[in-house]
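Peer 1: From the sequence below, what's the structure:
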Amino acid sequence: MACRISELIINSQEPQRLAAFWCEVLDFHVLDTDDGAVEIGPAEGFGGLQPTLVFVPSSEPKTAPLRLHFDVNATDRDQDAELERLLKLGARPADVGQSGEASWHVLTDPEGNEFCLLRSRLS
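Peer 2: This is a model prediction of the structure:
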């Protein structure tokens, strides 16, 4: 028997705001709020194939690149259209030393957490 990732915990200065951003990016829903934390996940809730994300309050600002980041793929449009959508939601382009030849876009969420938009579309 192996383990499966069920939740990812993310420190956040504004959990509600960050949860709202990621709900829009991933088509997730708020599943629970407790002591200032906000848990979001797919419509089927906790325990499905996708892990839930829990944004917990933290007064510590982000000061260094994350040691872990998300890679996301569009599901119903091409990469260019998805990039435009993510930028409208509040994502920002990020320079982490990429060469410009990469097939992905490096972005940050509203609190500066890096993530990548990959080229391939998932169904």
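
Peer 1: what secondary structure does the most centrally placed residue in the chain sit in?
Peer 2: The chain has residue 22 as the residue nearest its centroid, 5.2 Å off, counting by Cα atoms, centre = their mean. Classification of residue 22 using DSSP: H, G, I helix; E, B strand; the rest coil returns helix.

Peer 1: shouldn't residue 14 be in contact with residue 90?
Peer 2: No - using Cβ atoms under 8 Å, residue 14 is not in contact with residue 90; the gap is 11.8 Å. Just so you know, the C-beta spots here come from the backbone N, C-alpha and C atoms, and that holds for glycine as well.

Peer 1: re earlier: shouldn't the residue nearest to the centre of the chain be in contact with residue 40?
Peer 2: Yes - Residue 22 lies in contact with residue 40 (Cβ under 8 Å); the separation is 6.1 Å.

Peer 1: number of nearby residues for the closest residue to residue 114 other than its chain neighbours?
Peer 2: Excluding the flanking residues, the one nearest residue 114 by Cβ to Cβ, 6 or more residues apart in numbering is residue 69, at 4.7 Å. When neighbours are defined as other Cβ atoms under 10 Å, residue 69 has 15 of them.
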